[in-house]
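Chemist: Here is the input, now give the coordinates:
(2 chains)
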Amino acid sequence: GENVEQHPSTLSVQEGDSAVIKCTYSDSASNYFPWYKQELGKRPQLIIDIRSNVGEKKDQRIAVTLNKTAKHFSLHITETQPEDSAVYFCAAKGRRSQGNLIFGKGTKLSVKP
Amino acid sequence: DVKVTQSSRYLVKRTGEKVFLECVQDMDHENMFWYRQDPGLGLRLIYFSYDVKMKEKGDIPEGYSVSREKKERFSLILESASTNQTSMYLCASSFYRAQGYTFGSGTRLTVV
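Modeler: Here you go, the predicted model:
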């Protein structure tokens, strides 16, 4: 079945360091890959996304890369700050035509000051 | 600024009760989704709807049903609540075939 695997499940970095979260997906037909950030007690919010016709996308300190051949995509956060501490979810578009997303299990990122 | 509203942030219900979780969106989205969020298991799709009165089972529909009588409202129903349904429930919506979700704030349900 459709599956998205996400690693690591927890990640602790020092402020100013970079953080990388990796995901792999099973369905080669997936063509859309969003990343969500969920702060404690809040709703998940879209922070960046990438489509299958693009290999990399950047937005300030955040970037996402996609390797279609290997079926994996990664989130890169540079110059981390304490406010980056949150749970991050990757997702891939599923096969249902109406646009459902298959989510990874999440990565809890802690940025230590 | 809130566009997807879930009626309750916290609910405590007894085993066997019928429970209604309500979700309303004001963005005229066609798609609406109900997910369950549990530690270590991520977000799992319960049901979704792509039009009024249309619904489709997700990955874990057992013990749940849904209702969508109006485009803006999507209700999740626990027919007979059980303790293993204690969880955080998240509603989301999106445009048809579009791909970004907008999530609600979630309802933390405890079944005792």
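Chemist: Skipping adjacent residues, who's closest to B:D38 in space?
Modeler: In space, and not counting its chain neighbours, B:D38 is closest to B:S87: 5.4 Å by C-beta to C-beta, 6 or more residues apart in numbering or on different chains. C-beta here means a position set from N, CA and C on the backbone, and glycine is covered the same way.
Chemist: what about the one you found, how many residues close to it?
Modeler: B:S87: 20 surrounding residues under other C-beta atoms under 10 Å in any protein chain shown.
Chemist: Hmm, B:D28 is touching B:K71, no?
Modeler: Yes. B:D28 is within contact range of B:K71, at 7.1 Å (criterion: C-beta atoms under 8 Å).
Chemist: quick one, which of these two is more surrounded?
Modeler: When B:D28 and B:K71 are compared for neighbours, B:K71 comes out ahead with 16 against 9, by other C-beta under 10 Å.
Chemist: Setting aside sequence neighbours, what's the nearest residue to whatever residue of chain A ends up closest to chain B?
Modeler: Per C-beta to the nearest C-beta, A:K105 is where chain A lies closest to chain B, at 3.7 Å. Closest residue to A:K105 apart from its sequence neighbours, by C-beta to C-beta, 6+ apart: B:G42 at 3.7 Å.
Chemist: Also A:P8?
Modeler: In space, and not counting its chain neighbours, A:P8 is closest to A:T107: 6.1 Å by C-beta to C-beta, 6+ apart.
Chemist: ditto for A:C90
Modeler: Once flanking residues are discounted, A:C90 sits nearest to A:C23: 3.8 Å by C-beta to C-beta, 6+ apart.
Chemist: Number of residues surrounding that neighbour?
Modeler: So A:C23, with other C-beta under 10 Å, has 26 neighbours.
Chemist: and if you look at the one 4 residues further on?
Modeler: The local packing of A:D27 (other C-beta under 10 Å) involves 16 other residues.
Chemist: what about the spatially most central residue of chain B, which SS state?
Modeler: Central residue of chain B (C-alpha atoms, centre = their mean): B:W34, 3.1 Å from the mean position. Secondary structure for B:W34, judged by DSSP: H, G, I helix; E, B strand; the rest coil, is strand.
Chemist: Identify the bridge partners of it.
Modeler: Note on B:W34: beta-bridge partners by DSSP bridges are B:Y47, B:C91.
Chemist: ok now do it, which residues does it touch?
Modeler: Contact partners of B:W34, counting by C-beta atoms under 8 Å, 6 or more residues apart in numbering or on different chains, are B:21, B:23, B:45-48, B:58, B:64, B:66, B:74, B:76, B:89-91.
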